[in-house]
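Undergrad: Need a 3D model of the following:
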Amino acid sequence: MMNLFQTGGKQEKPVFSNLSDLKLKRDEYNLQIRREKRDESLRLKRASNLDFERRLQSGSLKTTNVSYSAEENLELENHISEWTNREYTMKEFFDLIENINSHDRLKQHFGAIGLRKLLSKDEPPIDLAIENKIICRLIQFLQVENEPYLQLEATWCLLNIASGTTQQTMSIIEKEGHLHIINLLKSPKNEILELALWALGNIAGDGPKLRDIIIEASAIEPIVQILEITAQADIIKMGVWALANLCKDKLSIPFELIERVIAIFCSVIQKCIDPEVLVDAVWAVNILSHENIQIQRIIESGVLNALVILLDNQRLSTLVPVISIFGSIAASEEIYADTLLQLPNLIPKLFKLTVHPKIIVKKKVCWTLSNFLAGNENYIGVILNDLSYLIKLISMTVAEPLEVIMLCF
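TA: Numbers count the residues shown, from 1 in each chain. Now for the predicted structure:
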C-alpha cells in the first residue's frame with residue numbers, strides 16, 4: 001500500500017504496511033466503540049410534573065372502584081385534582097409519609113401525590129424516603145388494580161427513586177419492586193403503562209448489573225409486544241427509550257426475540273420524526289450491529305437507505321451512531337460490506353463528512369473507510385476510483401490531528 005504518511009521534513013506518521021496491520025487497527029477501534037457510553041441517548045430521567053400532569057388531566061384515567069359509591073369516587077377525583085395542582089414543601093414530608101401508611105383511601109392518595117411531587121424536584125429526598133421504609137408501601141400500591149391513580153402515583157414515586165444513585169435504585173430491586181413494575185406492562189391504562197416503561201428505563205439505564213436484572217426478569221418480551229401494536233406516540237417514545245437502555249451490550253435472550261427488537265428499532269428509524277426517539281433507535285442499532293447474524297437482520301429490514309439519508313443529519317447524537325453502524329457492517333463479512341458499496345450515495349456522503357468541523361465525526365468516517373479498505377483489496381479500487389477521494393485522504397494526513405490520521409488507512 002502507498003506510504004501516504006511521509007510529509008517532507010515533518011515527523012513521520014505511523015505506516016500500516018499490509019492488510020493484517022489494518023485489520024488489527026480496525027479491530028482495536030471496534031473494541032473502543034463497543035465501550036463507548038451513550039450518555040445523551042441513554043438518559044436517566046426523573047419525571048417532572050408539568051408535561052405528564054397536563055396530559056393526565058385530559059386522559060382516560062378514572063376512579064371507578066366499585067367498592068365505593070359514585071359520589072365517593074367523584075369526591076376522590078376532585079381531591080386528586082386539588083392535590084395535584086398544589087405545591088408541597090419538605091416541611092410536609094413526614095406528614096405525607098404518615099398519610100401513605102394510613103388505611104384511609106383519601107390519605108393514601110394525598111400522601112402519594114405529595115411524595116411524588118417532592119421526588120420530582122431538583123434535589124429529591126430519595127434517601128429520606130428510603131430511610132422511612134416507604135418503598136414496600138409503594139410496591140403494595142402498585143398491586144391495587146382498582147385504584148389506578150394510586151398505582152400511577154406509586155409508580156411515579158418509584159421511577160423518581162430509580163433516577164438516583166445505583167444504591168438508591170437497588171433499594172427497589174431488593175424489595176422486588178421491579179417485578180411488580182414489569183407486571184404493570186399489562187395495564188390497560190396508557191398513563192400507567194408509560195410510567196412503568198419510564199421506571200424500567202431508569203433502572204436499566206443505571207448500569208450493566210441492574211440492566212441484566214431487568215432482562216433476567218423477562219422485561220424485554222412485554223416491551224416488544226407493546227411496541228409492536230401501539231400507535232400511541234408517548235408510549236412509543238418511552239418504550240423505545242426503555243428498550244434501548246436494555247440493549248446497551250450483547251443481549252442474552254433468544255435470537256427470535258432479538259430479531260423482533262431489531263425490527264422495532266429499524267422501523268422507528270424509517271418512520272419516526274421525533275428526533276429523541278430517533279437518537280435512541282440509531283444508538284441501539286449501532287450496538288446490535290456488532291454481531292454478523294444481527295447485521296443480516298438489520299440489512300434485511302431495509303433500513304440502510306434511511307441510514308444513508310441520516311448521514312445528512314446535523315445532530316451529532318444521531319450522526320455519530322449512524323456512521324458507526326456503517327463502520328461495523330463494513331468490518332464484518334464481505335457479503336455485508338458488498339451490500340453497503342451498492343448504496344449509491346454512501347461513499348460520497350462519507351467523504352463529504354471528512355471535512356466535518358467535529359473531530360469525532362472525522363474519526364468515525366475515517367474508521368469506517370479504513371474498514372472497507374482493510375476488508376478486501378478490491379474495495380480500494382471501488383472506493384478510490386474518484387481521484388478527488390484519494391486527494392482528500394492524502395490532504396488529511398497533513399492537516400488532521402494524529403488521532404484522525406491513524407484511522408485513515
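
Undergrad: any idea how far residue 129 is from residue 238?
TA: Per CB to CB, to the nearest Å, residue 129 is found 23 Å from residue 238. In short, each C-beta sits where N, CA and C put it, glycine included.

Undergrad: Kindly report the same for residue 296.
TA: Distance check for residue 296 against residue 238: by CB to CB, it reads 29 Å.

Undergrad: More neighbours: which of these two?
TA: The residue with more neighbours, out of residue 296 and residue 238, is residue 238; 25 against 18, by other CB atoms under 10 Å.

Undergrad: If we ignore the residues flanking it in sequence, what's nearest the more buried one?
TA: Nearest residue to residue 238, sequence neighbours excluded (CB to CB, 6 or more residues apart in numbering): residue 197, at 4.2 Å.

Undergrad: so after the one helix or strand the one you found maps to, what's the next helix or strand?
TA: Element membership of residue 197 [criterion: DSSP states H and E] is helix 190-204. Downstream of helix 190-204, the first helix or strand assigned by DSSP H and E is helix 208-216.

Undergrad: Which strands and helices lie in contact with that next one?
TA: Where contact means 3 or more CB pairs under 8 Å, 6 or more residues apart in numbering; DSSP states H and E, helix 208-216 is packed against helix 166-174, helix 177-183, helix 190-204.

Undergrad: now the helices for the stretch 301-409 of the chain?
TA: 304-310, 316-330, 334-341, 346-352, 359-375, 377-383, 387-399, 402-405 (DSSP state H, counting those that start in this stretch).

Undergrad: Output these in CSV; the columns should cover distance to residue 119, mean pLDDT and mean neighbour count.
TA: Converted to CSV, those look like this (distance: least, CB to CB, whole Å; pLDDT from 0 to 100; neighbours: other CB atoms under 10 Å):
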stretch, distance to residue 119, mean pLDDT, mean neighbour count
helix 304-310, 37, 97, 18
helix 316-330, 28, 95, 24
helix 334-341, 47, 93, 16
helix 346-352, 45, 93, 18
helix 359-375, 36, 86, 23
helix 377-383, 54, 78, 14
helix 387-399, 51, 72, 14
helix 402-405, 43, 61, 15
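
Undergrad: So which of the ones you listed is nearest residue 112?
TA: Among the helices of the stretch 301-409 of the chain, helix 316-330 comes nearest to residue 112, with 35.1 Å by CB to CB.

Undergrad: closest one to residue 210 among the helices of the stretch 301-409 of the chain?
TA: Nearest to residue 210 among the helices of the stretch 301-409 of the chain is helix 316-330 (22.8 Å), distances taken as CB to CB.

Undergrad: Now do the residue positioned nearest the centre of the chain, the pLDDT please.
TA: Most central in the chain under CA atoms, centre = their mean is residue 244, positioned 3.6 Å from the mean C-alpha point. Looking at residue 244, its pLDDT is 95.

Undergrad: cool, residue 15 as well?
TA: If you check residue 15, the pLDDT there is 37.

Undergrad: Can you tell me the element residue 258 falls in?
TA: Assigned by DSSP H and E, residue 258 falls within helix 255-271.

Undergrad: who touches that helix?
TA: Helix 255-271 is contacted from outside by 220-221, 224, 227-228, 236, 240, 243-244, 247, 251, 277-278, 281-282, 284-285, 288, 293-294, 297-298, 301-303, 306-307, 310, using CB atoms under 8 Å, 6 or more residues apart in numbering.

Undergrad: Tell me where the protein is predicted with low confidence.
TA: Within the chain, the ranges that satisfy pLDDT under 70 run 1-60, 375, 396-409.

Undergrad: Cool, thanks, signing off.
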